[in-house]
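K.L.:
Predicted coordinates and the sequence they were generated for:
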Amino acid sequence: MIHSLFLINSSGDIFLEKHWKSVVSRSVCDYFFEAQERATEAENVPPVIPTPHHYLLSVYRHKIFFVAVIQTEVPPLFVIEFLHRVVDTFQDYFGVCSEPVIKDNVVVVYEVLEEMLDNGFPLATESNILKELIKPPTILRTVVNTITGSTNVGDQLPTGQLSVVPWRRTGVKYTNNEAYFDVVEEIDAIIDKSGSTITAEIQGVIDACVKLTGMPDLTLSFMNPRLLDDVSFHPCVRFKRWESERILSFIPPDGNFRLLSYHVSAQNLVAIPVYVKHNISFRDSTSLGRFEITVGPKQTMGKTIEGVIVTSQMPKGVLNMSLSPSQGTHTFDPVTKMLSWDVGKINPQKLPSLKGTVSLQAGASRPDENPTINLQFKIQQLAISGLKVNRLDMYGEKYKPFKGIKYMTKAGKFQVRT
Amino acid sequence: MTDSKYFTTTKKGEIFELKAELNSDKKEKKKEAVKKVIASMTVGKDVSALFPDVVNCMQTDNLELKKLVYLYLMNYAKSQPDMAIMAVNTFVKDCEDPNPLIRALAVRTMGCIRVDKITEYLCEPLRKCLKDEDPYVRKTAAVCVAKLHDINAQLVEDQGFLDTLKDLISDSNPMVVANAVAALSEIAESHPSSNLLDLNPQSINKLLTALNECTEWGQIFILDCLANYTPKDDREAQSICERVTPRLSHANSAVVLSAVKVLMKFMEMLSKDLDYYGTLLKKLAPPLVTLLSAEPELQYVALRNINLIVQKRPEILKHEMKVFFVKYNDPIYVKLEKLDIMIRLASQANIAQVLAELKEYATEVDVDFVRKAVRAIGRCAIKVEQSAERCVSTLLDLIQTKVNYVVQEAIVVIKDIFRKYPNKYESVIATLCENLDSLDEPEARAAMIWIVGEYAERIDNADELLESFLEGFHDESTQVQLQLLTAIVKLFLKKPTETQELVQQVLSLATQDSDNPDLRDRGYIYWRLLSTDPVAAKEVVLAEKPLISEETDLIEPTLLDELICYIGTLASVYHKPPSAFVEGGRGVVHKSLPPRTASNESVESPETAPAGAPSNEQPDVIPTQGDLLGDLLNLDLGPPVSGPPLATSSVQMGAVDLLGGGLDSLMGDEPEGIGGPNFVAPPAAAVPANLGAPMGSGLSDLFDLTSGVGTLSGSYVAPKAVWLPAMKAKGLEISGTFTRQVGSISMDLQLTNKALQVMTDFAIQFNRNSFGLAPAAPLQVHAPLSPNQSVEISLPLNTVGSVMKMEPLNNLQVAVKNNIDVFYFSTLYPLHILFVEDGKMDRQMFLATWKDIPNENEAQFQIRDCPLNAEAVSSRLQSSNIFTVAKRNVEGQDMLYQSLKLTNGIWVLAELRIQPGNPNFTLSLKCRAPEVSQHVYQAYETILKN
């Protein structure tokens, strides 16, 4: 099982270590540093590194490497999933997960880590339960604690830990009972030079914020459940009911949680809401190259596309770009060669465009590679797959809750090749 | 007010200050001080000096303070074992606390203190906690058993904790079940032999019930445990699969992959005609695709596993090609894995898309990725024949980009395409030649030279091109030198008139000016071939090339099956069985896919079992490879990869002869040739092996005249047993037996190719052995052995090889070589193949000899359960050359006096006592070399009982 954990920042300092079995010397991280040196970028450090006596499994998030040390055969996904869970928990506790914040809360971090694993076996990883065991620090609580001498460690066994619904504690009470569901879809797509779609898929999630008194039993049904043939559920969802009736039936955890995530794959037709017209040509360093891109709406079901940001990694040989946008602002970083254009809303009557010239470094030959354009955007009130919630019912409690559903479509990894 | 304040220090010295604070009367101050201590500990500062002061704070009703002290204890108890004892009392008291949280915390912490003295005190509280009324305490205690086992395994066994742990598998609470399974699995891993998790349908049922209700992590433990179970028939397999399938929709990717493992393994038992089989296949695809939308680290592990799954069952993902298309900002490790899977999934249906993608990748920034993409295009061409033309034109487009590394990779793969489709795409040679100057990598240069040599007759200025390479011959790498040598010889054989000078030049460069033995050897061979028999040279050098296999880097089917059992583990990430890399290799249990057993035939045991059983005995006598290597050096191993032309030379001549005999004589003439590998070993074994054949058969003709009538049928032949399993020999399986028929011994072999590539160039060699057994003729495998084909060969043997006493006496060590590698195995031959036909001793002689041999040389054996009578015994033994000299009846018992002679002239005399009606015989053997008696007895047993 998981032996130890090291947190390493991007400059290669180990700023926290935690051991769940015997102490493993931090020199084991030297192997990690070697791999880090070999990799050109932090993202490219391989997630599994063998050393003579241990294996190092790492994830890179928030500019921090979370390196787990294992000694025996342990499923690597188990370790990596756990590491991601650690990051999520930190974020949940402290709002952000960064080196200064972890250092500021080092004792809480240590206590939380101790609660999450016992001898390398996961103990409590549900944030609901953890928060009952170790209360997250708030300014108010710190003040109260100092005055009253009470602590931020719960001395009661968390109620949810052993019940049939470990994700929910008993005795929840709210004055305003409300349940909100956000259907968020991200489009991952690769569009080729000519504008035709190479791959497109939708990663969708339904995130929920449920604040309901008691033990409510909810059912959620869809207008078109057939869309959901590839789904992953929160453990609270009754799988049998879904299999037979295509209805989500569950006792919700208290607070924020991800009810389900789904995947609409390439077989079903995925609507592409934007198009990019581009004309990029590089010349030899003696003359200027041309650069022109226009962004426009495609299949938007009548909704507005907003929050559009265009980024593109220019080839190394590019010295500078002199561009003028029809709307929004743009920057070009001559060091990283990253072009970024914050477009904002797309007005279908007046399409935003960015035009100008590209100059190459003196003596540089025409670049071999073509830059890929990365697109970010948002569409409110639309689930691009067409998924629609039919109704939400509550059983088991008497009060009438306030219910709300929001839809949103975003760009995931949306790339246009040029 | 953040914790960073704990790091600030004062001038007086941190430790001193902390000590004072820890001993303060104020609770709040104490707690703050402990927090400071913990903060220092987390960053690796040594605060062990504060041990007594911190332990003093332990007796408190403040839970946070208690937890903090426990944290400290776990870290430092090891370095201060005597002090740690001070804490024991508090622990024991806490284990009785009414609050289950505190009970659990105490037992949990105690288990983490890795001090022997403390573990003694742990046993009683732990026993109580394992039976605690609160499941939270029980599940914590279950893990504690694993901790304790890690510290002191003996103690855990003595105290009977393992049995208690096994009982917990039937606990009413699913979380307790999951933790018990996890703990048992971890203990079992360090004790592979112990049968801790003996799974039966009842316990499986309990696990499946717990699976639905426990936490995600518990589900992983249970699924991994289920994967070790072998259902008794297909019905049970199906019902387990049905109950595991819902896990595929879990949000935790590790749960999903563990479920995939269980399904992939149990699917093996389901019949493909079953409707359920098809349903299951369809259900597996979506979760695998979903794994690819997770974080890159998860994607990587998923991709490594998908790589295995795609090789085992390509049908699952055949329609999902697009999800493996590479995004430009994927991490490089994800990109490379995706590319690999794309090629595996490439088929005629999707090849156009794949090629378009690959071409796109070839213009990316990352050099490693671009190279692999170009190679991928070549692999597509070889895999999907219809696409070859398109691939070639794509490669030509890429060559036009003139990007140096792209051109070089393209040329390397075009060489392979030429190999696969000879005489089809030669029109592109001109384009290739234009890029000759830009090639600076050895592999690309070698490929280009090969192309020029192979198509020398089509290239007008082939001689000029090759000559240009020759100028810097000594600066080239070995690969290029060897290729250049072969190419020029080819050119000479094709255009002898114009290139005589060139070939002389290269031969002298290779043989006289080079200190590389491989190069020199090859130079000499060519030289000699060209000077003695140019026709033969042409046949050897320009021989037809064996086909190259479709896919080069597929995993061996046997290894693949094993790896499927390890889906989701490190083994699946490294594509190696755990025995190859798990620390210490402490007896990792070998896993294999279950055989397909239908429920209606489950009563009879599957036929595979008895066939597998005899082979189990074989590996015991196999010595380590190192020992064998020394003795077997006279088998010419040849350079490991000798380039395409040399590998083809075996067809009729036998590579061993060519390299061994030819070169030996050649070396004899050339005094400067010292150091060639052939000098090390005496050719003794090789030469008589060739000469022996006619002599042996002549002798046996002679014997034949003297032998009795009964010998015509030949002696008993044992059924073939597997001598060399495919796992150990890169896919070559050898099974065989020994026969003796009319005076000649032979080894009947069955060679089976279980690898994916064609096998050629077979040769065999025996190590010295007790009776001088040696092959009387080279191993003749006429056609190359294609995958999944097997061939039966009878290899005549003689007994004039060199003799060395082996242990056991009838041990025979054998080396078999093919184009892939050299493999070693050893086998035991039955002694009766050595019983010669003139083994009948004269009566008088028998009596005299019997008396003459001292009594201590007599050995007595029992032959049990043989239903034959004296007559039948006698005639049966005679057919295996054991002759009855005389027969007597003493007190109702039949006494048979028998004689036999071994090939090396040793006589063995026997007295066989048979009591009519009693199936047990008594055999007394007398021999001047008593060590053979045991084996003669075994021969009797085999002959009489079969």
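P.N.:
Thanks, I have it.
K.L.:
Just the buried residues of stretch A:357-367, please?
P.N.:
When neighbours are counted by 16 or more other CB atoms under 10 Å in any protein chain shown, the buried residues of stretch A:357-367 are found to be A:358-360, A:364, A:367. Every C-beta, even on glycine, is put in place using the N, C-alpha and C of the backbone.
K.L.:
Report the two members of those separated by the largest distance.
P.N.:
For the buried residues of stretch A:357-367, with distances taken as CB to CB, the pair at the greatest spread is A:Ser359 and A:Pro367 (12.5 Å).
K.L.:
list residues touching both of these two?
P.N.:
Shared contacts of A:Ser359 and A:Pro367 (CB atoms under 8 Å, 6 or more residues apart in numbering or on different chains): A:Val318.
K.L.:
about what we covered before: what is the nearest of the buried residues of stretch A:357-367 to chain B?
P.N.:
The shortest approach to chain B among the buried residues of stretch A:357-367 belongs to A:Pro367, at 9.3 Å (CB to the nearest CB).
K.L.:
list the contacts for that closest one?
P.N.:
Neighbour list for A:Pro367: A:282, A:315-318, A:360 [criterion: CB under 8 Å, 6+ apart].
K.L.:
same thing but 7 Å
P.N.:
Neighbouring residues of A:Pro367 by CB atoms under 7 Å, 6 or more residues apart in numbering or on different chains: A:282, A:315, A:317.
K.L.:
Among the residues you listed, find me the one that's closest to chain B.
P.N.:
The shortest gap between chain B and any of the contacts of A:Pro367 belongs to A:Pro315, at 7.7 Å (CB to the nearest CB).
K.L.:
how about the closest residue to that closest one other than its chain neighbours, secondary structure?
P.N.:
In space, and not counting its chain neighbours, A:Pro315 is closest to A:Pro367: 3.4 Å by CB to CB, 6 or more residues apart in numbering or on different chains. Applying DSSP: H, G, I helix; E, B strand; the rest coil to A:Pro367 yields a three-state assignment of coil.
K.L.:
Using CSV, lay out the buried residues of stretch A:357-367 together with pLDDT.
P.N.:
What follows is the buried residues of stretch A:357-367, written out as CSV (pLDDT from 0 to 100):
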residue, pLDDT
A:Val358, 88
A:Ser359, 86
A:Leu360, 84
A:Ala364, 72
A:Pro367, 76
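K.L.:
Dead centre of chain B: give me the residue that sits there.
P.N.:
Taking CA atoms, centre = their mean as the criterion, B:Met727 is the residue nearest the geometric centre of chain B, at 5.4 Å.
K.L.:
which secondary structure element contains the closest residue to B:Val88 other than its chain neighbours?
P.N.:
In this structure, B:Val88 finds its nearest non-sequential neighbour in B:Tyr121, 4.9 Å apart by CB to CB, 6+ apart. Under the criterion of DSSP states H and E, B:Tyr121 resides in helix B:116-130.
K.L.:
and that helix, which residues are buried?
P.N.:
Residues of helix B:116-130 classed as buried: B:118-119, B:121-123, B:125-126, B:129-130 (neighbour count, 16+ other CB under 10 Å).
K.L.:
could the residues you listed go into CSV alongside pLDDT?
P.N.:
Output for those, formatted as CSV (pLDDT from 0 to 100):
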residue, pLDDT
B:Ile118, 76
B:Thr119, 79
B:Tyr121, 81
B:Leu122, 82
B:Cys123, 86
B:Pro125, 87
B:Leu126, 89
B:Cys129, 89
B:Leu130, 90
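K.L.:
What separation do you get for B:Glu28 and B:Ala774?
P.N.:
Counting by CB to CB, to the nearest Å, the gap between B:Glu28 and B:Ala774 amounts to 90 Å.
K.L.:
which residue ranges form the strands in the stretch 801-946 of chain B?
P.N.:
B:811-817, B:822-828, B:858-863, B:883-890, B:893-901, B:907-914, B:921-927 (DSSP state E, counting those that start in this stretch).
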